[in-house]
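> quick one, what's the 3D model for this:
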Amino acid sequence: GGLAMHPRSSMALLVSLVSGIFLIFTVFLVPFELAFFWNVEPCEGAPTLELNLVVDTFFMFEIFITFFTGRFISGEYVRSLSGVAKDYCVSGHLIFDLTTSIPVSWIEFAQREECRATGKVESGAGVSILRALRIVKPLRLLR
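Numbers count the residues shown, from 1 in each chain. Predicted structure coming up:
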């Protein structure tokens, strides 16, 4: 297989920096959203929706990038893409990242745009439940 990007390369450090900024943003914004925007009408969407789209998209991109970023396993640097992918999947980090990166904003955006296009207001209960799932996003700090 090919060779992965070094975890201390400029690109990997930039991804980590942006991830850190978005995590801090998420830690502060999620409780605010859950307190004040949990019952926003589907045709309106929360005022933070577009920013959440950027954050959710980045976190999904970060999962993809992780498959191409080398890692240290038991003190040994692994740079083969197959070794990186195997460790990412087997270690449980992939499941953790997928769980803490549920792109709720994508669903909210699609619902808002459908509502605006058709004028039909679907039940917002499903999205309200999904919004509550945002509470798991700050758990990414544990990794």
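
> low-confidence ranges, this protein, go.
Residue ranges of the chain with pLDDT under 70: 1, 121-132, 139-141, 143.

> please identify the buried residues of the helix or strand where residue 94 lies?
Taking DSSP states H and E as the definition, residue 94 sits inside helix 93-99. Neighbour-count burial for helix 93-99 flags 94, 97 (criterion: 16 or more other Cβ atoms under 10 Å). Any C-beta I mention is one placed from the backbone N, CA and C, and that applies to glycine too.

> now the element after it, going C-ward?
Later in the chain than helix 93-99, the nearest helix or strand by DSSP H and E is helix 104-118.

> restricting to C-alpha, output that following helix in PDB.
C-alpha atoms of helix 104-118 as PDB (Å, rounded to 0.1, in the frame of the first residue of the first chain):
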ATOM      1  CA  VAL A 104     -27.100  16.300  12.400                       C
ATOM      2  CA  SER A 105     -26.800  19.700  10.600                       C
ATOM      3  CA  TRP A 106     -26.900  17.900   7.200                       C
ATOM      4  CA  ILE A 107     -30.300  16.400   8.200                       C
ATOM      5  CA  GLU A 108     -31.600  19.700   9.600                       C
ATOM      6  CA  PHE A 109     -30.400  21.500   6.400                       C
ATOM      7  CA  ALA A 110     -32.100  19.000   4.100                       C
ATOM      8  CA  GLN A 111     -35.300  19.200   6.100                       C
ATOM      9  CA  ARG A 112     -35.200  23.000   6.100                       C
ATOM     10  CA  GLU A 113     -34.700  23.200   2.300                       C
ATOM     11  CA  GLU A 114     -37.400  20.600   1.700                       C
ATOM     12  CA  CYS A 115     -39.800  22.600   3.900                       C
ATOM     13  CA  ARG A 116     -38.900  25.900   2.100                       C
ATOM     14  CA  ALA A 117     -39.300  24.300  -1.300                       C
ATOM     15  CA  THR A 118     -42.600  22.500  -0.700                       C
END
